[in-house]
Each structure stands twice: as C-alpha cells, then as structure tokens.
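Prediction below, plus the sequence it came from.
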Amino acid sequence: MRGLRVMLITIMAGVLLGACKRTPRLDSEAGNGDLKSDGVDLTQLLTSPSLARELIARGGAQVQAKTQFEVKPAQANEKLRGEQVITTDTQLSVNAKGHYVLREENDQDGGREVYFTGDQMAVKLRYGKLIKRDARAPEPQHILEQALGGPTAFWEIFGRAAQVTSEANEPEGGRRLLISLRPTQASDEPPAPVAGEASPLAAWRRTAVPSALAGEIRYLPATDQSGPVLVAAKLSGQFSARAAKGPVTGKVEVSWAASSWGQVPAIALPEEAEDLRLGQRTILEERALLQGVPNVKPSPPRQ
C-alpha cells in the first residue's frame, strides 16, 4: 500500500509544483493529439500560469474545482496492496488585481486557507491558526497557480491521446470542445522508462498510457485585451503505468468552473489573522514530497 500512496503523493505534488513551473510539452515524439482546435492551443489554454493570467485579465472570477486521483495494482502484488484515492476540493476567488482567497481541502485530512491582499498574506493549515505576514514574491503567484493546477495535471497525462471535436458556439460567444480518446491510442505500447530523470514524478509520467478519455472543455476566445480563457472543464481518463514496484492502473477526474466574472471585490485579511512569530511555518513544504520519498515525511506544522 505504501508504494501506491507514494505514487499518489508524487502525482499530487505534480499538481502543486510541476504544473505551475512550466508549460506541458506534448510533441510529435510523444504522440500528442490535437494541440490546436478551433484556433486555440489547448496545451496553453490549460496550463496554470495561463489560467491565472487570463482570469486576472478578464477582471477576476470565482473558481470551483475538484480533482480526484485513483491508483490501484494492475494485478495481485504483495508490494502494492489496495486502491488509493485522493480527492481535492478547491474554491478560489481572484479579483482584477490578482488578489485572492483560496480554500482547499482533501480527503486525506489536508487543506489550507490562503488570503493575498497585494502586500500581505495570511495562511491557515487545516487544523491550524490563520497567520499573517508580508507577502514575498514569487510565493503568492506560485500558490495561485497551484490552486489552478488540476486541468494542467490532467492534460499532461492524457493530452497526447486526445481527440478534440469542436461543437456549436456557446451563448455569449463561448466555445465548446468535446474530448475523447484517439482510436489508435488504446493499443499503443507504453514508452520506455526514462533513465536519469531527476524527478520520480517525471519518470512515472513517461510510462503512463491512456486507455479511456472523455469530457468537454468550454472557453472564451481571445479578445484585443486578453487571450482565450477556460470557463469550464469536465474531464475523466483512465491509464496504465509502470510504478517502481509493479504495474498499476489509475483514473483521474477533473471538474473546473469559473463564474462571477469581474465581480470579486477587494480582498481583506480576516480580523482573526495573527502575526507571524519567528520560526513559525505557514505553508506545507510540498517540495519534501519529492525528496527522499518514501523515507521522508513532511513534519507537522508548528504553531
């Protein structure tokens, strides 16, 4: 069971860390599907830095999202016992200045609440106190991109297998795209494991072979002032992969929706936010999840 849990931790770390660091690379060597459909580059549309930038450019919005990762052994294996599932619920309100309130919880007893007002931040872990301090770049931007990382993580795994069909235009100028598995993808052989990868997350991702894919994406096209922006996504996919201790199968589901465009007011810190004391930690050290796994576990937050 430990091996599967470690794999889920590395997947979730990819949502929190890898998704906000770079634009996913889906080239012809990886066997990608339609990167561009209806004039929009889906890889760019779904990457978290682009999501953050375009939400702010459109005056801000409220985002509700749920991301679920499931992994289980592909066959009987004493080293990989049972199914492991992590579900994360995210509520984000970001305004036209890029200030935001983030509330995030998962069913593994984790979560955080973050306020960013431009010059100050306040952070609360699920069972901790709300602690305020001066904001220091690039942390506020990184946290914002982490909160938007679900569609990015999904597309990194399944984008190369996607077949995209453009549907009729939505009301108010929106576009709707249907996502399905390319007919030849299910029989594709998995790529060879990558040697010398620094990140266990990257090595795992290269072995994943999508076997099922369905969903839809809704977006607003580019304007003179901003690029295309995601409005909603409902995506589900299944895959097989080579974990360190044996083959596994998995499933990823993402739901994502933005609303109340241009209606998020100024963000203020709650009155109960306390000042930061010397040596006190206010955010989870997610990087530790990719260093020394599975022998190193993040320490509980000090209050």
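Structure received.

where do the strands sit along the stretch 201-303 of the chain?
209-220, 229-243, 246-259, 274-275 (DSSP state E, counting those that start in this stretch).

and the shortest one, what other elements does it pack with?
Okay, so that is strand 274-275. strand 131-134 (3 or more C-beta pairs under 8 Å, 6 or more residues apart in numbering; DSSP states H and E). (Each C-beta comes from the backbone N, C-alpha and C, glycine too.)

Go through the strand it packs on and flag the buried ones.
Ile131, Lys132, Arg133 (16 or more other C-beta atoms under 10 Å).

Stretch 153-168 - what's its average pLDDT?
Per-residue pLDDT over stretch 153-168 has a mean of 90.

now Val85, nearest residue through space, not along the chain?
Once flanking residues are discounted, Val85 sits nearest to Glu70: 4.7 Å by C-beta to C-beta, 6 or more residues apart in numbering.

Pretty sure that neighbour sits against Gly250.
Yes - if you go by C-beta atoms under 8 Å, Glu70 and Gly250 touch, sitting 5.8 Å apart.

Need the overlap of contacts for those two.
Counting by C-beta atoms under 8 Å, 6 or more residues apart in numbering, Glu70 and Gly250 have no common neighbour.

and the nearest residue to Ala233 once chain neighbours are set aside, bridged to which residues?
Using C-beta to C-beta, 6+ apart and skipping the chain neighbours, the partner closest in space to Ala233 is Trp256 (4.4 Å). For Trp256, the beta-bridge partners under DSSP bridges are Ala65, Ala233.

Isn't Trp256 up against Tyr219?
No - using C-beta under 8 Å, Trp256 makes no contact with Tyr219, being 11.1 Å away.

Need the overlap of contacts for these two.
With C-beta under 8 Å, 6+ apart as the test, Trp256 and Tyr219 both reach Leu230.

follow-up on the earlier one: need the strands of the stretch 201-303 of the chain in JSON lines (columns: mean neighbour count, distance to Ala137 and mean pLDDT).
Putting the strands of the stretch 201-303 of the chain into JSON lines (neighbours: other C-beta atoms under 10 Å; distance: least, C-beta to C-beta, whole Å; pLDDT from 0 to 100) gives the following:
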{"stretch": "strand 209-220", "mean neighbour count": "20", "distance to Ala137": "28", "mean pLDDT": "95"}
{"stretch": "strand 229-243", "mean neighbour count": "20", "distance to Ala137": "23", "mean pLDDT": "93"}
{"stretch": "strand 246-259", "mean neighbour count": "20", "distance to Ala137": "25", "mean pLDDT": "93"}
{"stretch": "strand 274-275", "mean neighbour count": "11", "distance to Ala137": "21", "mean pLDDT": "94"}
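
quick one: which of those strands is nearest Asn106?
Proximity to Asn106 (C-beta to C-beta) singles out strand 246-259 among the strands of the stretch 201-303 of the chain, at 13.9 Å.

what about stretch 143-153, how long is it end to end?
This stretch, stretch 143-153, spans 15 Å end to end (C-alpha to C-alpha, to the nearest Å).

measure stretch 107-123 end to end?
For stretch 107-123, the separation between the terminal residues is 20 Å (C-alpha to C-alpha).

Now do that stretch, average pLDDT.
Stretch 107-123 shows a mean pLDDT of 94.

hmm, who's touching that stretch?
Stretch 107-123 is contacted from outside by 85-87, 97-105, 124-126, 130-135, 139-140, 143-144, 267-270, 273, 282-284, using C-beta under 8 Å, 6+ apart.

Noted, bye for now.
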